[in-house]
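Colleague: Here is my input, please return the structure:
(one chain, ligands or ions: 3)
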Amino acid sequence: MKYKQLYEFINTDGAGKPEVVMSRYDEGNYSLDNPNTRITIYSSNDDWKYDITSATNDADGDGDHDEDDQSYYMIAARLVAEMATLSPMDESNRLFDRVLIAFSDHSEQDVNIMHYKKGNRDLKNPDFIVKASNRDSYGRYRTVIDTIDADGDKDIDKDDELIYRNLATSFSSMENLLP
Ligand SMILES: [Ca+2]
Ligand SMILES: [Ca+2]
Ligand SMILES: [Ca+2]
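Modeller: Ligands and ions are numbered 1, 2, ... in the order given. Down below sits the predicted model:
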């Protein structure tokens, strides 16, 4: 299944800081407002440390539904919170409204991390695409292509690559994203 994962920061409960909202879109679905499923990851102390999720599912596909499954979503939320270019923690660094992650059309393993500038609501037309490839036997991505500044410190280096490598690894490890 060629599903896509979208990450956004939205203040879903209207209180305190924004939550991380992960929406899944199945193959062919690019309708921003109509995801196939949606999970919200909350910070219980409202301090950008994401540690609670809305109801999840057997994300890792091992046949049970336990804390391990929840942890995939929390790890993903913490990763996107490291993206200063996406997180509303500091609006002066923020360039993007949302990030969409999908497997490449050209390879079963390569991952595209698509970035949408503020106001761009067309999921088919990202402003930047960072690619991760070269997955090892543990499922970790080793190579990032077309890296941009993710942590907002105005350079492009290994720290930025690591965020993208971890995001791609997180995405490909969530095998079973049932509603
Ligand atoms: Ca909130
Ligand atoms: Ca499981
Ligand atoms: Ca950087």
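
Colleague: Looks to me like Glu8 is in a strand.
Modeller: Yes: assessed by DSSP: H, G, I helix; E, B strand; the rest coil, Glu8 belongs to a strand.

Colleague: my read: it touches Asp33, true?
Modeller: No: using Cβ atoms under 8 Å, Glu8 is not in contact with Asp33; the gap is 11.8 Å. Using the backbone N, CA and C atoms, a C-beta is placed for each residue, glycine as well.

Colleague: So the two - more neighbours on which side?
Modeller: Each of Glu8 and Asp33 has its neighbours counted (other Cβ atoms under 10 Å); Glu8 has more, 20 against 6.

Colleague: What's the separation between that one and ligand 1?
Modeller: Per Cβ to the ion, to the nearest Å, Glu8 is found 13 Å from ligand 1.

Colleague: Number of residues surrounding Ile52?
Modeller: If we define neighbours as other Cβ under 10 Å, then Ile52 has 14 of them.

Colleague: What about the spatially closest residue to it that is not a sequence neighbour, how many residues nearby?
Modeller: Nearest residue to Ile52, sequence neighbours excluded (Cβ to Cβ, 6 or more residues apart in numbering): Tyr42, at 4.4 Å. Per other Cβ under 10 Å, the neighbour tally for Tyr42 reads 20.
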